[in-house]
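Engineer: Sequence plus the predicted model coming up.
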Amino acid sequence: MIIGIIPARYASTRFPGKPLIDIQGKSMIRRVYEQASQAKCLSEVIVATDDERILNHVQSFGGKAVMTHPDHPSGTDRCWEAYCLGVRSQEPEAKGTSSYSSLLTSHSYVINIQGDEPFVAPEQIDELGAVLDGSVELASQMIPVSDHDVLFDVGEAKVIVNQSFEAIYFSRQVLPFLKGIDPKEWHNHHTYYRQVGMYAYRSDILEKITQLPVSDLEKAESLEQLRWIQNGYRIKMGLTAYESHCIDTPEDVEKVLRLMNA
């Protein structure tokens, strides 16, 4: 079983209250929730928030939501707390064969769905769910880069994979360096990938990675997935054709709507 969790913080430096903004008659968090709820691979969807306004709003349209600690350093940590809260709410009051530890494995995977992608495709979530075969510890998605400007955009995390499509390294810089070739032509001589979409965690691995201290590579690149790789965890990368359309600032709303209506 796979549970979808949508981390949704109210506080945002660039866009406070972002989950509750109106997008063509519906809040952003409602759009994300409704899109995720159409994914066939998910047994349930839960919003993990730090604010009662978001909690009450999600519950008002019939969605599931839980309150989490306001000071989580990442969406991964918020997912772990929400997962534990969701499992505890299902724990039987009477003593029996079921236990908290056994319920932790009843949902074998958690998919972290970005709360600022109101038009995330259910099919993209199902693509990620399809690679979660029990042996996969962690997973994400990637898309080929065919544009020079996108390739050299430090806001985009690039990923190098091995022959098993497991991540070797993530970087904001372009890797590998192509010696003797004009950098403007690199994308025409090598298949580069950038990370898009969501993270999936096997439930036992999610518990472990939230206990890890911040690593030096993570600090250097500001990419939490490097902490997992440095500690020996494997990240399976699935290919997708779906682009990510995030809303980080008020100006992004119109841009995303234009893209979706194009």
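Structural biologist: Perfect, I can see it now.

Engineer: and stretch 195-210, how far from the chain's centre?
Structural biologist: 8 Å (C-alpha atoms, centre = their mean, to the nearest Å).

Engineer: List the contacts of residue 160.
Structural biologist: Contacts for residue 160 (C-beta atoms under 8 Å, 6 or more residues apart in numbering) come out as 167-171, 175-176, 193. Just so you know, the C-beta spots here come from the backbone N, C-alpha and C atoms, and that holds for glycine as well.

Engineer: please redo it, this time with the cut-off set to 6 Å
Structural biologist: 168-169, 175 (C-beta atoms under 6 Å, 6 or more residues apart in numbering).

Engineer: That one pairs with what?
Structural biologist: residue 169 (DSSP bridges).

Engineer: For residue 177, see how far away it is.
Structural biologist: Distance, residue 160 to residue 177, using C-beta to C-beta, to the nearest Å: 12 Å.

Engineer: what ranges do the helices span in the stretch 1-150 of the chain?
Structural biologist: Using DSSP state H, counting those that start in this stretch, the helices found in the stretch 1-150 of the chain span residues 28-37, 52-60, 75-90, 100-104, 122-130, 148-151.

Engineer: how many neighbours does the closest residue to residue 83 other than its chain neighbours have?
Structural biologist: Spatial nearest neighbour of residue 83, excluding adjacent residues (C-beta to C-beta, 6 or more residues apart in numbering): residue 110 at 5.5 Å. Residues lying near residue 110 (other C-beta atoms under 10 Å) number 25.

Engineer: Just the endpoints, please. Distance across stretch 157-165?
Structural biologist: The first residue of stretch 157-165 is 16 Å away from its last residue (C-alpha to C-alpha, to the nearest Å).

Engineer: for stretch 205-222, same thing?
Structural biologist: 21 Å.

Engineer: now swap in stretch 113-126 and tell me
Structural biologist: Using C-alpha to C-alpha, one end of stretch 113-126 lies 12 Å from the other.

Engineer: and the residue nearest to residue 16 when sequence neighbours are not counted, what does it touch?
Structural biologist: Nearest residue to residue 16, sequence neighbours excluded (C-beta to C-beta, 6+ apart): residue 10, at 7.1 Å. Residues near residue 10 by C-beta under 6 Å, 6+ apart: 17, 51, 54.
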